[in-house]
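S.K.: output the structure for:
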Amino acid sequence: MAEIPQQLPHQEHHNNSSAFIKDVVIGMSDGLTVPFALAAGLSGAVSSTGLIVLAGLAEITAGSIAMGLGGYLAGKTEQDFYKSELRREYEEVETLPEEEKREVRAFFEELGLSAEVQDKAVEEITQDKKKWVDFMMKYELNLDEPDPKRARNSAFNIGGAYIVGGLVPLSPYFFIGQPVEALRWSVVVTLVCLFIFGFIKSRVTGVNPWWGAVRVTLIGAAAAAAAFFVARLFK
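M.R.: Here you go, the predicted structure:
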């Protein structure tokens with residue numbers, strides 16, 4: 001008798017680093033675009049790559065700090081909002097228990113459970129105040145407890161990605177003395193990196209990767225071209 005192959009347990013694979021990816025996308029997209037436009041604009045107005053490098057490094061420093069601070073404040077705001085709603089739910093459970101129980105029952109009613117099962121589920125959940133409040137936070141308010149390290153990690157992730165992205169368009173100016181020649185190399189290097197970045201970002205987010213790569217590249221190119229010609233116009 002042939003042996004029946006033992007079925008392996010089903011394994012689900014989920015992306016647990018979505019917050020990190022989101023931070024990198026925010027920092028890298030601005031880091032590649034803003035210093036690129038700045039360097040292109042200065043290339044059309046000045047004759048010294050040293051000045052462009054100095055201005056570019058100053059912009060990268062200020063931009064990374066500003067972007068990192070924005071990520072930190074966003075993370076802290078998320079934590080503060082969750083704590084505020086958590087306190088409110090505890091107060092409502094204490095002062096309006098019957099109303100809160102009706103809300104729990106309404107949730108199970110929408111799932112199509114019988115009245116008997118609804119009563120048992122409500123009784124089971126409301127026995128433990130913490131579980132009760134956690135249930136209300138998740139299923140009534142659709143709020144998950146944020147990672148306490150989220151604000152700090154977001155600041156470092158966004159700021160670091162901005163620095164890495166910003167150094168890409170600036171790198172040719174370290175080695176080439178003529179601003180316009182350095183700009184040509186900067187355009188090539190940056191557009192290639194924008195295309196790769198757009199492709200990877202679109203793959204991660206589920207968008208058509210080729211269209212996503214072209215779109216990101218065109219946005220960066222348009223920003224740099226506009227800065228260059230405006231600088232030429234007012235030179």
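
S.K.: buried by neighbour count: which residues of stretch 18-29 qualify?
M.R.: 22, 23, 24, 25, 26, 27, 28, 29 (16 or more other C-beta atoms under 10 Å). Backbone N, C-alpha and C define where each C-beta goes, glycine included.

S.K.: so who does the spatially closest residue to the second one that is not a sequence neighbour touch?
M.R.: Of all residues not flanking residue 23 in the chain, residue 157 sits nearest, at 3.5 Å (C-beta to C-beta, 6 or more residues apart in numbering). The contact partners of residue 157, by C-beta atoms under 8 Å, 6 or more residues apart in numbering, come to 20, 23, 24, 27, 71.

S.K.: quick check: which element contains the closest residue to the first one other than its chain neighbours?
M.R.: Nearest residue to residue 20 in three dimensions, chain neighbours excluded: residue 157, at 5.9 Å (C-beta to C-beta, 6+ apart). Counting by DSSP states H and E, the element that carries residue 157 is helix 150-170.

S.K.: what comes into contact with whichever helix or strand comes after that helix?
M.R.: Downstream of helix 150-170, the first helix or strand assigned by DSSP H and E is helix 172-175. Helix 172-175 has contacts (C-beta under 8 Å, 6+ apart) with 39, 49, 52, 53, 56, 179, 182, 183, 185, 186, 189.

S.K.: quick check: the last one vs residue 210, distance?
M.R.: Distance of residue 189 to residue 210, given as C-beta to C-beta, to the nearest Å: 21 Å.

S.K.: same question, residue 113
M.R.: Residue 113 sits 46 Å away from residue 210, taking C-beta to C-beta as the criterion.

S.K.: all the helices of the protein, residue numbers only.
M.R.: Secondary structure of the chain, counting by DSSP state H: helices at 18-43, 49-95, 97-110, 115-126, 129-135, 150-170, 172-175, 179-205, 209-233.
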